[in-house]
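Trainee: take a look and give me a structure for this.
(2 chains)
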2 protein chains.
Amino acid sequence: MQNSQDELVAVRWDGDAVVYLDQRRLPHDIVYERASTVEQIEAAIKTLAVRGAPAIGIFGAYGVALLRRTIADDDAFALAARRIRDARPTAVNLAWAVDRVLEAPDALDHARGIHREQVAIDAAIAQAGIDVIPKDAKILTHCNTGPIATAGGGTALGVIIAAHRDGKRPHVFVDETRPLLQGSRLTYFELKQAGVDATLQVDSAAAIAMQRKAIDLVIVGADRIARNGDTANKIGTYGLAILAAHHGIPFYVAAPRSTIDFSIATGADIPIEERAAAEVTGFGGAHAATQDARVYNPAFDVTPGHLIAGIVTEYGVSRTPYQETIPALAGRASFAALLDLQ
Amino acid sequence: MQNSQDELVAVRWDGDAVVYLDQRRLPHDIVYERASTVEQIEAAIKTLAVRGAPAIGIFGAYGVALLRRTIADDDAFALAARRIRDARPTAVNLAWAVDRVLEAPDALDHARGIHREQVAIDAAIAQAGIDVIPKDAKILTHCNTGPIATAGGGTALGVIIAAHRDGKRPHVFVDETRPLLQGSRLTYFELKQAGVDATLQVDSAAAIAMQRKAIDLVIVGADRIARNGDTANKIGTYGLAILAAHHGIPFYVAAPRSTIDFSIATGADIPIEERAAAEVTGFGGAHAATQDARVYNPAFDVTPGHLIAGIVTEYGVSRTPYQETIPALAGRASFAALLDLQ
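Mentor: Numbering: from 1, shown residues only, chains lettered A, B, ... in the order given. Sure, this is the predicted structure:
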C-alpha cells in the first residue's frame, strides 16, 4: 500500500517558508513550492495554487506567522497581513484564520494549532464515518473532499481513505463533476495516491452505475447544512440523492460542524450562487458552445434532509429526525477546546 | 423569426456534388463543403464532418448516385460504392442506403426517395409530438436529435422546433451531454438557429432545473427501443427519467419506428457499449484526468418503459401498456410505401 498521506500534503510549515502543493498542476504534475515572501504567499492563494477553504485558511495562518518573523516593522507587517487576509475575499476561513493568528501571543504556535485542529476534526469525521462503510463497499462520490482541500485528512474522501486503511477495500466511482472537474482532476488522483481502487465516470453515468455496478452507498461533502439537515453541496448532489433513493442506496454527507449554519431552519434559506457561463461553455482550454450562449450554472444545489441517511461530523453520525439531532450538535465542546488550542 | 430550416441543411444534392454541413466546425463556424469525388465523400464520413446515422445514410446514398454518373467503368464504380458503404462500418443506415441505391433502376431518384422518406418520417414525428407540448412549455432535453443528425427535421428536437413554429413558445434547457458534448456543440446551436429560446446547463444541473425552473416535460431521442418500451439512449437518459418521475414531470421519447427492435422483449436484451476512456479524461485537446485513469464510459443506458409517459413515432404517440401498443406498430405500412418510393 502506498502511504500517500506523507506524499500529498496541501500545506506544510518548513521553518523559513510555507510549502504548498500546486493544485493547479494536478493531476499531471506533483509539484511543491515554497512561499517565503508576502508576494509569494498572496500569489499562491490568488492563483488557486492553494484551494479548498480549510487549506487556504491554514496556508494563510502559516503565511502570517512567517511574515511576523521576517518583517520587523510593525506597520509593514500589518500591511502584509492585510494583503494575505484579503487575497480571496469570499474565503471566510482565510480571514478567520489570519485574524486568530494576529490576535495570538505566539503567531506560529497558533497557526500550528489551527492546523492541528483541522487534522483532528478530519480524523474524527473519518473515524465516525468508517462505520457506515461496509466491507468491499462500492461507493459513489462527487466533487473533491480530500486531504488537499482541507490540509487535513479530508471529509467524505477522508472517510473513504480511512475505510481503505481499515482494510475495508472500498472501490470508488468518482463523478468527474462538471463544470470544474474536481472529480477528474483531484478526487480520482487523491484516491490513486492513497492506493484506493477508483473508477472515473461522467456525472450522468451515476444512474447506470447505481443500477449495474452494485453501488452500496453515496458519500459527499457539504458547503452548508441547515438545522433540518437540508444540505447545500456541489451542483449534482441533489440529483444523486434522488437517484440513490430510487435505487434504495443510502446517501451520506460528511462535513465538519462548522459547515452547519445553526441560524437557518431549512435549505430554502440557502441562496444558490450562479457562476460564470464560461465554466459551462468551455472545458479546460477547449470551447464546446459559443461563448455568447445563455447558461444556467448554479454552483450548488440543496438536498432535502429526508433523502440523507446520515450526516457525519466530528461528533459522530447524526440521523433523522435532524430537527433534533442537528441542533444538539451546537452545544458540544469545540475541538479547539478539546485540544486546548485556545 | 429566423427560418433556419433553410440555413441548416445537413446534406443536399447539388447536381454535380453532394453539399454537406461540416459538423466538426459547429457551433463556431457554419461551413458547407462540396464532395464530388469518392475520396471527398469517403473523407466527409470518416472524419465525422457528416454525423448522425440517418444523415450519413442519405449522404452516402447521394454520394453513390453521384459516382454512378461520373464513373463510367462498372468495376471502378463498384469499387467506389464499396468504399462509401464501408466508410463507417458500424453505421447500419449507411450500408442499408447504399445497397438500396445500388439495386435501384435510377440511383439518384432512389437517393432522393430515401431523403424524402426521412423528411416525411421526421415531419410526422414532429406533428404527432406537438400535442404533448403545452403552451409556453419549459422543456429539458439531452444529447442531439435535431435536423443535422437526420438530414430531415430531427426527432425530439424536431418536435420542439415544430412546437415553436406552432406558436407554443417553448423554452428549452439543454444538457451539455458529456462526454462528447452534443448538447453544447449541436443542440443549443440548432435551437438558436431555429429561433427557439434555450439555456445550456451541465448534465448534473438537471435536478435543480426540474426543482426550480418549472420544467413541464423532458423529451429525448432513442437509439433502440424494446417491445415493452424500454429505451436505450445516450448516457444520462435513465437518470433524467428517474429525476422527472421524482418531480412529477412527464418524460417522452421521440424516434422513428426503425428504432424499435421488435425482436427484443425488454431492455435487458440491449447490450451496453462502453467507449474509450479518453472521451472522459479529456475534451477537445484539454486533459482533466491523467490518461491512464480507469474509466467507466457506457455510451448509453436503458430507461424502463414504466418511466416513459409516451413514445412518439411517425405513427403517433404510443402509451402504456407498451407490450401492446409497441408491437402494434410493426404492422403499419411503411412511409416508403405511403410515399410510393419503392
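Trainee: which parts of the stretch 51-200 of chain A sit against chain B?
Mentor: A:173, A:175-179, A:181, A:184-185, A:188-189, A:198-200 (Cβ under 8 Å from any Cβ of the partner chain). For every residue, glycine as well, the C-beta is placed using N, CA and C.
Trainee: make a PyMOL selection of the buried ones in those residues.
Mentor: Burial among those is assessed by 16 or more other Cβ atoms under 10 Å in any protein chain shown; the matching PyMOL selection reads:
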select buried, chain A and resi 173+175+176+177+178+179+181+184+185+188+189+198+199+200
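Trainee: my guess is A:V64 meets A:A111, correct?
Mentor: Yes - under the criterion of Cβ atoms under 8 Å, A:V64 makes contact with A:A111 at 7.2 Å.
Trainee: shared neighbours, these two?
Mentor: A:V101 (Cβ atoms under 8 Å, 6 or more residues apart in numbering or on different chains).
Trainee: ok so, going back, now, the residues of the stretch 51-200 of chain A next to chain B that are in strands?
Mentor: Secondary structure assignment (DSSP state E) places A:173, A:175, A:198-200 from those within strands.
Trainee: name the nearest residue to the residue in chain A that chain B sits nearest to, ignoring sequence neighbours.
Mentor: Closest residue of chain A to chain B, Cβ to the nearest Cβ: A:G284 (2.2 Å). In this structure, A:G284 finds its nearest non-sequential neighbour in B:A286, 2.2 Å apart by Cβ to Cβ, 6 or more residues apart in numbering or on different chains.
Trainee: same question for A:Q211.
Mentor: That would be A:H247: by Cβ to Cβ, 6+ apart, it lies 6.5 Å from A:Q211.
Trainee: mind listing what the one you found touches?
Mentor: A:H247 touches A:210-211, A:215, counting by Cβ under 8 Å, 6+ apart.
Trainee: most neighbours of all the residues you listed, which one?
Mentor: A:M210 (24 neighbours; other Cβ atoms under 10 Å in any protein chain shown).
Trainee: confirm that that residue sits in a strand.
Mentor: No - per DSSP: H, G, I helix; E, B strand; the rest coil, A:M210 lies outside any strand segment and is helix.
Trainee: settle this for me: it is touching A:A244, isn't it.
Mentor: Yes - the pair A:M210 / A:A244 is scored as a contact, 6.8 Å apart, by Cβ under 8 Å.
Trainee: who touches both of the two?
Mentor: Counting by Cβ under 8 Å, 6+ apart, the residues touching both A:M210 and A:A244 are A:L140.
Trainee: so what's the residue nearest to A:S204 when sequence neighbours are not counted up against?
Mentor: In space, and not counting its chain neighbours, A:S204 is closest to B:G236: 2.9 Å by Cβ to Cβ, 6+ apart. Contacts for B:G236 (Cβ under 8 Å, 6+ apart) come out as A:202, A:204-205, A:207, B:142-143, B:175, B:177-178, B:203, B:301.
Trainee: so how far is the helix or strand containing A:R83 from its chain's centroid?
Mentor: Element membership for A:R83, per DSSP states H and E: helix A:74-85. Per Cα atoms, centre = their mean, to the nearest Å, the displacement of helix A:74-85 from the mean C-alpha position of its chain is 27 Å.
Trainee: would you list the phi and psi of the spatially closest residue to A:N233 that is not a sequence neighbour?
Mentor: Nearest residue to A:N233, sequence neighbours excluded (Cβ to Cβ, 6+ apart): A:A222, at 5.0 Å. When read as degrees, to the nearest 10, the backbone of A:A222 gives phi -150, psi 150.
Trainee: residue contacts, A:A222?
Mentor: Going by Cβ under 8 Å, 6+ apart, the list of residues near A:A222 reads A:155, A:231-233, A:253-255, A:259, A:311.
Trainee: go again using 10 Å as the cut-off
Mentor: A:145, A:155-156, A:231-234, A:237, A:253-256, A:259-260, A:300, A:303, A:308, A:311-313 (Cβ atoms under 10 Å, 6 or more residues apart in numbering or on different chains).
Trainee: take those and keep only those in helices.
Mentor: Among those, the ones falling in helices (DSSP state H) are A:156, A:237.
Trainee: just to revisit the earlier point, ok, then the element right after the helix holding A:R83?
Mentor: helix A:92-103.
Trainee: hey, C-alpha coordinates of that following helix in CSV?
Mentor: C-alpha atoms of helix A:92-103 as CSV (Å, rounded to 0.1, in the frame of the first residue of the first chain):
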residue,chain,number,x,y,z
VAL,A,92,-14.2,33.1,5.2
ASN,A,93,-11.8,30.6,6.6
LEU,A,94,-8.9,32.7,5.4
ALA,A,95,-9.9,36.0,7.2
TRP,A,96,-10.9,34.0,10.3
ALA,A,97,-7.6,32.2,10.5
VAL,A,98,-5.5,35.3,9.8
ASP,A,99,-7.4,37.2,12.5
ARG,A,100,-6.9,34.5,15.0
VAL,A,101,-3.1,34.4,14.3
LEU,A,102,-2.9,38.2,14.6
GLU,A,103,-4.5,38.1,18.0
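Trainee: now the helices for the stretch 151-300 of chain A?
Mentor: Here the stretch 151-300 of chain A has its helices, by DSSP state H, counting those that start in this stretch, at A:156-165, A:182, A:188-193, A:206-212, A:237-246, A:278-281.
Trainee: could you dump those to TSV with mean pLDDT?
Mentor: Shown next, in TSV, are the helices of the stretch 151-300 of chain A (pLDDT from 0 to 100):
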stretch	mean pLDDT
helix A:156-165	98
helix A:182	93
helix A:188-193	96
helix A:206-212	98
helix A:237-246	98
helix A:278-281	94
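Trainee: mind putting the ones you listed into CSV with distance to B:V11?
Mentor: Formatted as CSV, the helices of the stretch 151-300 of chain A follow (distance: least, Cβ to Cβ, whole Å):
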stretch, distance to B:V11
helix A:156-165, 49
helix A:182, 41
helix A:188-193, 41
helix A:206-212, 33
helix A:237-246, 37
helix A:278-281, 28
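Trainee: ok, which of the ones you listed comes nearest B:Q40?
Mentor: helix A:278-281 (32.0 Å; Cβ to Cβ).
Trainee: and the closest one, what does it pack onto?
Mentor: Under the contact definition 3 or more Cβ pairs under 10 Å, 6 or more residues apart in numbering or on different chains; DSSP states H and E, helix A:278-281 sits against strand B:197-201.
Trainee: mind listing what the residue of chain A most remote from its centre touches?
Mentor: If you look at how far each residue of chain A sits from its centre, by Cα atoms, centre = their mean, the farthest one is A:D73, at 35.9 Å. Residues in contact with A:D73 (Cβ under 10 Å, 6+ apart) are A:79-80.
Trainee: now do the one 3 residues further on
Mentor: Shown in contact with A:A76 (Cβ under 10 Å, 6+ apart): A:38, A:67.
Trainee: how close does it sit to A:R82?
Mentor: 11 Å (Cβ to Cβ, to the nearest Å).
Trainee: identify the contacts common to those two.
Mentor: A:V38.
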